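*Asks:* starting from these lines, generate the structure:
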Amino acid sequence: MVKGHDVPIKEKNIMFIGFMGVGKTTIGNLVAKKLYRDFIDIDQEIERKHKMPVTEIFKQIGEKAFRQMEKEVITELCQKKLKVISVGGGAFLQEEVREICLSSCIVFYLDLSWGSWKDRISLIVDSRPVLQGKSLEDMEKLFHERKAIYSTHHSKINTDKQEAEEIADYIVDSLKLAWELYE
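*Replies:* Down below sits the predicted model:
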């Protein structure tokens with residue numbers, strides 16, 4: 001098993017956490033391209049393994065079983081190096097997942113204000129099982145509850161009013177600077 005502190009900082013996986021719809025997949029993909037690394041979206045990985053969309057997995061086997069799958073996939077990936085990983089909005093609900101990620105990856109928390117997130121609802125609601133049938137009030141409550149689970153990270157980036165490309169450039173620049181400092 002690849003232990004976090006045994007891996008040189010330049011080879012550590014880079015991980016993106018944050019609420020659903022914040023742009024983890026978009027930004028993660030851009031960062032991966034800029035660093036010539038593989039990008040892995042945990043939800044897409046689970047969908048590929050189980051040959052069905054996450055919304056179907058939730059319906060058929062429930063959230064608890066999904067969280068177990070998620071933990072297995074994340075644990076497996078955290079043992080690799082040089083990956084850029086995006087985890088689902090609820091992955092950090094599990095303490096075990098948080099610990100594995102924080103010890104073996106450089107974790108970036110992509111933060112967004114409620115106002116900015118609300119503007120994106122129509123784009124994301126259908127593909128997010130956790131939002132199905134929820135009122136705007138329920139969504140806001142979930143949004144603020146989840147903020148607490150994202151409070152453990154290595155770096156926080158506010159994505160309000162910023163383009164994905166400029167956020168990705170900022171992340172790559174800050175990583176390269178950190179790598180130089182730690183060498």
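*Asks:* what are the boundaries of the strands in this protein?
*Replies:* For the chain, the strands identified by DSSP state E occupy 13-17, 38-41, 83-86, 105-111, 155-158, in order along the chain.
*Asks:* JSON lines for these, including mean pLDDT and mean neighbour count?
*Replies:* C-betas here are computed from N, CA, C, even on glycine. What follows is the strands of the chain, written out as JSON lines (pLDDT from 0 to 100; neighbours: other CB atoms under 10 Å):
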{"stretch": "strand 13-17", "mean pLDDT": "97", "mean neighbour count": "26"}
{"stretch": "strand 38-41", "mean pLDDT": "97", "mean neighbour count": "17"}
{"stretch": "strand 83-86", "mean pLDDT": "98", "mean neighbour count": "26"}
{"stretch": "strand 105-111", "mean pLDDT": "96", "mean neighbour count": "23"}
{"stretch": "strand 155-158", "mean pLDDT": "95", "mean neighbour count": "15"}
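*Asks:* CSV please, covering those and showing distance to D173.
*Replies:* Listed next are the strands of the chain as CSV, based on distance: least, CB to CB, whole Å:
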stretch, distance to D173
strand 13-17, 13
strand 38-41, 18
strand 83-86, 15
strand 105-111, 13
strand 155-158, 12
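*Asks:* out of the ones you listed, nearest to E180?
*Replies:* Across these, E180 has its closest neighbour in strand 105-111 (14.4 Å, CB to CB).
*Asks:* who touches the longest helix seen in the chain?
*Replies:* Ordering each helix of the chain by length in residues (DSSP state H) puts helix 54-78 first. Residues outside helix 54-78 that contact it (CB atoms under 8 Å, 6 or more residues apart in numbering) are 2, 13, 40, 42-43, 45-47, 49-50, 52, 83, 85, 87-88, 90-91, 93-94, 96-97, 100-101, 104-105, 127-130, 132.
*Asks:* quick one: find the helix or strand in the protein with the lowest mean pLDDT.
*Replies:* Least confident helix or strand of the chain, by mean pLDDT, DSSP states H and E, is helix 121-124 with a mean of 71.
*Asks:* quick one: list the elements packing against that helix.
*Replies:* The criterion is 3 or more CB pairs under 8 Å, 6 or more residues apart in numbering; DSSP states H and E, and there are no helices or strands that helix 121-124 contacts.
*Asks:* how far off centre is that helix?
*Replies:* Using CA atoms, centre = their mean, to the nearest Å, the mean C-alpha position of helix 121-124 is found 18 Å from that of the whole chain.
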